[in-house]
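>>> What follows is a predicted structure for the sequence shown.
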Amino acid sequence: MVSATLDELNTEGYVSDSRFTEVAVRARLRTDDGPIKIRAYLSQRGIIDSLIKHYLPTDQEFWLERALKLDQLNCMKRSISPQEAVTHEAWSIRSRLLKNRGYPANIIRQVLESESD
């Protein structure tokens, strides 16, 4: 019964995994989520990998820019000065935020090392 109803809604275009994926990615980008968290969110909802790959940006520069902006906002919010930003304690705070937001280790490392240049 439910399966037949869902099939009918899908056939008529009322239910679309593609549309859901597109909207979900945009919404998650607005909340500054990273690629790992967005991918996990979509996978948990049964979205197939090919749709995720189609709608989720793969450009590393895109994710690096987003992570840098998020880190800068976090430092401002926590009043972490550029001199303090390179301390072990600040690195820990900064990396934990980015990790919890779903950014990969290589992006986090680039963000943290950009401050020490």
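Structure received.
>>> what's the helix or strand for I107?
Element membership for I107 (DSSP states H and E) is helix 105-115.
>>> okay, that helix in PDB with CA atoms only?
Taking C-alpha atoms only, helix 105-115 is exported to PDB below (Å, rounded to 0.1, in the frame of the first residue of the first chain):
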ATOM      1  CA  ALA A 105      41.700  16.300   7.700                       C
ATOM      2  CA  ASN A 106      43.600  17.700   4.700                       C
ATOM      3  CA  ILE A 107      41.400  20.800   4.600                       C
ATOM      4  CA  ILE A 108      41.700  21.300   8.400                       C
ATOM      5  CA  ARG A 109      45.500  21.000   8.100                       C
ATOM      6  CA  GLN A 110      45.600  23.600   5.300                       C
ATOM      7  CA  VAL A 111      43.400  26.000   7.400                       C
ATOM      8  CA  LEU A 112      45.600  25.600  10.500                       C
ATOM      9  CA  GLU A 113      48.800  25.900   8.500                       C
ATOM     10  CA  SER A 114      47.600  29.000   6.700                       C
ATOM     11  CA  GLU A 115      47.600  30.900  10.000                       C
END
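>>> what about this protein, any weak spots by pLDDT?
Scanning the chain for pLDDT under 70 picks out the ranges 2, 5-7, 9-10, 12-15, 115-117.
>>> circling back: which helices and strands does the helix holding I107 pack with?
Applying 3 or more Cβ pairs under 8 Å, 6 or more residues apart in numbering; DSSP states H and E, we find helix 105-115 packed against helix 60-77, helix 88-100. C-beta here means a position set from N, CA and C on the backbone, and glycine is covered the same way.
>>> What residues of the longest one count as buried?
What it means is helix 60-77. W63, L64, R66, A67, L68, L70, D71, N74, C75 (16 or more other Cβ atoms under 10 Å).
>>> now swap in the last one and tell me
Under the neighbour-count criterion of 16+ other Cβ under 10 Å, helix 88-100 has A90, W91, R94, S95, L97, L98 buried.
>>> I'm done for today, thanks for sticking with me.
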